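In: A predicted structure for the sequence below; I have some questions about it.
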Amino acid sequence: MTRVRLWEVAWAGIAVAAVAMACGRGEPPTVQPAAARTAVATPAVVSPALVLVPGARQPQYAELPIGQELAYVVAEPYPASRTLQTIALALQRLGYRPLRDDFLTPGMVGSHIEGWTVFTEGTAGRGQYVHQWVADWIGPDGEVVRYTLLYRVARGPNDPVLPQYGPEQLTTLHVVGLHIPAEVARGMVESRRQKTSAPQ
């Protein structure tokens with residue numbers, strides 16, 4: 001299982017409990033997988049932490065049980081320095097600071113430290129190489145924003161496990177920003193703490 005899938009699985013389970021804690025209800029809502037999310041028109045109120053960079057195409061907003069999501073595509077070659085700088089400066093002006101680690105998993109460094117990673121999805125001939133940058137920021141009131149940046153390249157039936165191409169193949173950047181309100185973020189952290197401290 002790849003790193004991104006591990007995060008999705010962990011977040012899904014923790015988010016369900018966290019939203020229930022934040023809302024004070026016993027029955028949490030269902031967290032839909034990414035493929036099942038339905039894009040919506042631009043919400044009346046959009047978190048300023050969801051940064052739409054110049055040149056962004058196909059922006060899609062989604063209202064998720066844990067917060068707001070914004071996804072779009074940018075024509076920018078690897079390693080997306082312009083997009084990363086634009087996002088980082090915008091968040092800095094809003095009072096956000098970068099987190100060294102995944103906010104739910106202390107000790108798992110994010111891309112602020114680790115930089116870009118690459119992995120394969122699927123099987124040769126029906127899979128793809130995925131170049132990923134993902135990291136968290138925390139806001140002045142405890143809200144969390146996560147940005148995931150991806151480049152994808154098809155993997156042919158005779159291609160090796162690790163890519164053999166150069167960065168000139170990486171030109172279409174996919175960006176996903178997720179803003180999590182402070183009370184939900186705190187609930188996720190507490191739910192994670194309870195899970196890790198429970199007797200096995």
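Out: Done, it's in.
In: Could you check how far G142 is from P157?
Out: G142 sits 48 Å away from P157, going by Cβ to Cβ, to the nearest Å. Placement of C-beta: from N, CA and C, glycine included.
In: So between the two, which is more surrounded?
Out: G142 (14 against 9; other Cβ atoms under 10 Å).
In: mind checking the SS state of the more buried one?
Out: Look at G142: counting by DSSP: H, G, I helix; E, B strand; the rest coil, its state is coil.
In: Just the pLDDT at the closest residue to it other than its chain neighbours, thanks.
Out: Once flanking residues are discounted, G142 sits nearest to A182: 3.7 Å by Cβ to Cβ, 6 or more residues apart in numbering. Model confidence at A182, given as pLDDT, is 97.
In: A182: what's it in contact with?
Out: G139, D141, G142, E143, V144 (Cβ atoms under 8 Å, 6 or more residues apart in numbering).
In: Quick check: of these, which lies closest to A71?
Out: Comparing the contacts of A182 against A71 with Cβ to Cβ places V144 closest, at 17.4 Å.
In: what's the burial count for the closest one?
Out: 25.
In: Likewise for H179?
Out: Count around H179 with other Cβ under 10 Å applied: 23.
In: where does the chain dip in pLDDT?
Out: 1-41, 124, 198, 200 (pLDDT under 70).
In: Would you map the helices across it?
Out: Applying DSSP state H to the chain gives helices spanning 3-23, 81-93, 111-114, 182-197.
In: centroid residue for this protein?
Out: T148 (4.0 Å; Cα atoms, centre = their mean).
In: That one: what's it in contact with?
Out: V4, Q132, W133, V134, V175, V176, G177, L178.
In: from these, which is closest to P59?
Out: Of all these, P59 sits closest to V175, with 9.5 Å by Cβ to Cβ.
In: Isn't the closest one up against A75?
Out: No: using Cβ atoms under 8 Å, V175 is not in contact with A75, being 11.7 Å away.
In: These two: who's more crowded?
Out: V175 (24 against 10).
In: roughly how far apart are the more buried one and Y165?
Out: Here V175 is placed at a distance of 22 Å from Y165 (Cβ to Cβ).
In: can you name the farthest residue from the center of the chain?
Out: N158 (30.7 Å).
In: Strands of the protein, residue ranges please.
Out: Assigned by DSSP state E, the strands in the chain fall at 57-64, 67-75, 97-98, 101-102, 105-109, 117-121, 127-138, 144-155, 172-180.
In: ok, back up a step: quick check: the farthest pair among the contacts of A182?
Out: It's D141 and V144 that sit farthest apart of the contacts of A182, by Cβ to Cβ, at 10.4 Å.
In: Please name the spatially closest residue to A80 (chain neighbours excluded).
Out: Excluding the flanking residues, the one nearest A80 by Cβ to Cβ, 6+ apart is L173, at 5.1 Å.
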